[in-house]
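Trainee: Give me a model of this one.
(one chain, ligands or ions: 2)
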Amino acid sequence: MDVKTVGVVGAGQMGNGIAHVFALAGYEVKLNDISAEALDRALGTIGKNLDRQVSREKITEAEKQAAMDRISTTTVLTDLGSSDLIIEAATERETVKTAIFEDLQPHLKPTTILTSNTSSISITRLASRTDRPEKFMGFHFMNPVPVMQLVELIRGIATDEETYHSLLKVVESLGKTAASAEDFPAFIVNRILMPMINEAVYTLYEGVGSVRSIDESMKLGANHPMGPLELADFIGLDTCLAIMNVLHEGLADTKYRPCPLLTKYVEAGWLGRKTHRGFYDYRGETPVPTR
Ligand SMILES: CC(=O)CC(=O)SCCNC(=O)CCNC(=O)[C@H](O)C(C)(C)COP(=O)(O)OP(=O)(O)OC[C@H]1O[C@@H](n2cnc3c(N)ncnc32)[C@H](O)[C@@H]1OP(=O)(O)O
Ligand SMILES: NC(=O)C1=CN([C@@H]2O[C@H](COP(=O)(O)OP(=O)(O)OC[C@H]3O[C@@H](n4cnc5c(N)ncnc54)[C@H](OP(=O)(O)O)[C@@H]3O)[C@@H](O)[C@H]2O)C=CC1
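Mentor: Numbering: from 1, shown residues only. Ligands and ions are numbered 1, 2, ... in the order given. Predicted structure coming up:
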């Protein structure tokens with residue numbers, strides 16, 4: 001299947017990054033969200049991130065303009081029906097994702113490939129709720145999408161080889177690198193990364209260190225580009241908690257128990273950068289630790 005048009009569902013931090021890289025690579029992109037404000041914000045963010053690439057001479061002003069012109073937005077999900085490839089990047093909740101695929105599928109071409117950017121949820125189970133499990137895959141981009149090299153490709157039990165090879169070609173066309181992961185909870189990156197973040201929250205919860213000392217320790221002591229709590233805020237604490245819950249339930253092992261402090265931050269609506277407060281408070285000029 002030759003992919004030329006892409007429909008992206010969900011215009012949050014991942015959806016806008018995915019639209020950005022596809023438009024820059026020459027694909028026509030339709031970006032959908034339930035909220036018109038989210039779509040406006042996404043276009044603003046894409047413009048700013050493309051400007052950054054122009055100012056660092058990675059792309060020209062004309063390439064930026066051409067990329068912006070290839071992106072259209074809509075709050076009507078079914079407008080994405082004519083796309084060759086759908087990338088679902090809505091909130092990490094299985095019921096949300098299943099409803100999107102159910103609403104979309106009567107409007108799709110028989111050849112359309114369906115994918116989810118889920119961080120953790122079973123691809124086989126999501127696929128089984130659609131009319132085309134053989135054309136369904138996990139297509140897991142990393143945050144920030146314009147910068148990170150990796151894309152995880154996850155085949156469900158029924159995914160056919162043609163679909164897998166079509167997506168491999170797409171990843172190559174974006175200048176990124178694919179890694180194949182088997183369909184088990186949280187795949188490869190988050191199976192390893194998220195227990196580390198959860199452990200950092202336990203380290204804070206048990207008073208072993210403060211937010212700042214935990215992050216400094218991992219940046220200066222293990223050469224991580226961001227401390228684990230800073231990274232959790234960057235990913236979104238709701239997403240981190242959702243992934244830990246999938247690991248905990250899916251692997252039935254107490255070592256994946258989400259830290260109660262992580263749950264408390266999510267219950268407070270302190271979801272990290274996207275709500276301006278998480279392990280750090282981002283409302284002032286510089287981030288201030290909340291513990
Ligand atoms: C949860 C999941 O399911 C899976 C996941 O995604 S897990 C999260 C994975 N991501 C990570 O672990 C990110 C860890 N953090 C980092 O790698 C770095 O802190 C970072 C790349 C985000 C920023 O790096 P930095 O050195 O502090 O910032 P900065 O110097 O401004 O940026 C580095 C480069 O990225 C570019 N950049 C940063 N953000 C960008 C964006 N959103 N769009 C475009 N370019 C961007 C900058 O322009 C700069 O480019 P050059 O090298 O060409 O100059
Ligand atoms: N954050 C990260 O680092 C990474 C996240 N992912 C995965 O990507 C997906 C998106 O995450 P992320 O971008 O961070 O989340 P965000 O919370 O930033 O964005 C999700 C967006 O989806 C919208 N949305 C919710 N329901 C629907 C719907 N039915 N139709 C269309 N849009 C909808 C939300 O709208 P509203 O806000 O109005 O509810 C919001 O704008 C998740 O599956 C996540 O696990 C994958 C890799 C990295």
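Trainee: Relative to F187, how far out is the closest residue to ligand 2 within the stretch 151-291 of the chain?
Mentor: The nearest approach of the stretch 151-291 of the chain to ligand 2 comes at I235, 3.7 Å away (C-beta to the nearest ligand atom). All C-beta spots, glycine's among them, are computed from the backbone N, C-alpha and C. From I235 over to F187 the distance is 15 Å, taken as C-beta to C-beta, to the nearest Å.
Trainee: Which one's more surrounded, those two?
Mentor: Set I235 next to F187 and count neighbours by other C-beta atoms under 10 Å: I235 wins out with 26 against 23.
Trainee: Count the neighbours of the closest residue to the more buried one other than its chain neighbours for me.
Mentor: Closest residue to I235 apart from its sequence neighbours, by C-beta to C-beta, 6 or more residues apart in numbering: N143 at 6.3 Å. For N143, the neighbour count with other C-beta under 10 Å is 16.
Trainee: so N143 sits in a strand?
Mentor: No. Going by DSSP: H, G, I helix; E, B strand; the rest coil, the assignment for N143 is coil, not a strand.
Trainee: List the contacts of it.
Mentor: N143 sits next to 13-14, 17, 234-235 when contact means C-beta atoms under 8 Å, 6 or more residues apart in numbering.
Trainee: if we can go back for a sec, so the residue of the stretch 151-291 of the chain closest to ligand 2 makes contact with G272?
Mentor: Yes. If you go by C-beta atoms under 8 Å, I235 and G272 touch, sitting 7.0 Å apart.
Trainee: Get me the contact residues on this protein for ligand 2.
Mentor: Residues of the chain lying near ligand 2 by C-beta under 6 Å from any ligand atom: 9-15, 32-35, 38, 89-92, 96, 100, 117-119, 140-143, 235-236, 239, 274.
Trainee: returning to that earlier point: which residues are in contact with the residue of the stretch 151-291 of the chain closest to ligand 2?
Mentor: Listed by C-beta under 8 Å, 6+ apart, the contact set of I235 reads 143, 197, 272.
Trainee: what about A179, how many neighbours?
Mentor: A179 has 15 neighbouring residues, counting by other C-beta under 10 Å.
Trainee: follow-up on the earlier one: mind checking which of the residues of the chain next to ligand 2 are in helices?
Mentor: Secondary structure from DSSP state H places 13-15, 38, 96, 100, 235, 239 of these in helices.
Trainee: Output the residues you listed in CSV, with distance to L168 and pLDDT appended to each entry.
Mentor: Below are those laid out as CSV (distance: C-beta to C-beta, whole Å; pLDDT from 0 to 100):
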residue, distance to L168, pLDDT
Q13, 25, 95
M14, 20, 98
G15, 22, 98
A38, 30, 97
V96, 28, 98
I100, 24, 98
I235, 26, 98
T239, 26, 98
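Trainee: Show me what residue of the protein gets nearest to ligand 2.
Mentor: Across the chain, the shortest distance to ligand 2 (C-beta to the nearest ligand atom) belongs to G12, at 1.8 Å.
Trainee: Does M196 touch P228 like I think?
Mentor: Yes. Applying C-beta under 8 Å, one finds M196 in contact with P228, separated by 6.0 Å.
Trainee: who has more neighbours, those two?
Mentor: Higher neighbour count among M196 and P228: P228, with 25 against 14, using other C-beta under 10 Å.
Trainee: Next, give phi and psi for that one.
Mentor: When read as degrees, to the nearest 10, the backbone of P228 gives phi -60, psi -30.
Trainee: Show me the shaky parts of the stretch 1-150 of the chain.
Mentor: Within the stretch 1-150 of the chain, no range satisfies pLDDT under 70.
Trainee: now the strands for it?
Mentor: Secondary structure of the stretch 1-150 of the chain (DSSP state E, counting those that start in this stretch): strands at 5-9, 28-32, 71-74, 85-88, 113-116, 136-141, 150-155.
Trainee: closest to ligand 1 out of those strands?
Mentor: With C-beta to the nearest ligand atom as the yardstick, what comes closest out of these is strand 136-141 (6.4 Å).
Trainee: starting at the chain centroid, how far to the closest one?
Mentor: Its chain's C-alpha centre and that of strand 136-141 lie 10 Å apart, by C-alpha atoms, centre = their mean, to the nearest Å.
Trainee: show me the contacts for D183.
Mentor: By C-beta under 8 Å, 6+ apart, D183 lies in contact with 122-124, 138, 154-157.
Trainee: Among those, name the buried ones.
Mentor: Among the contacts of D183, those classed as buried by 16 or more other C-beta atoms under 10 Å are 122-124, 138, 154-156.
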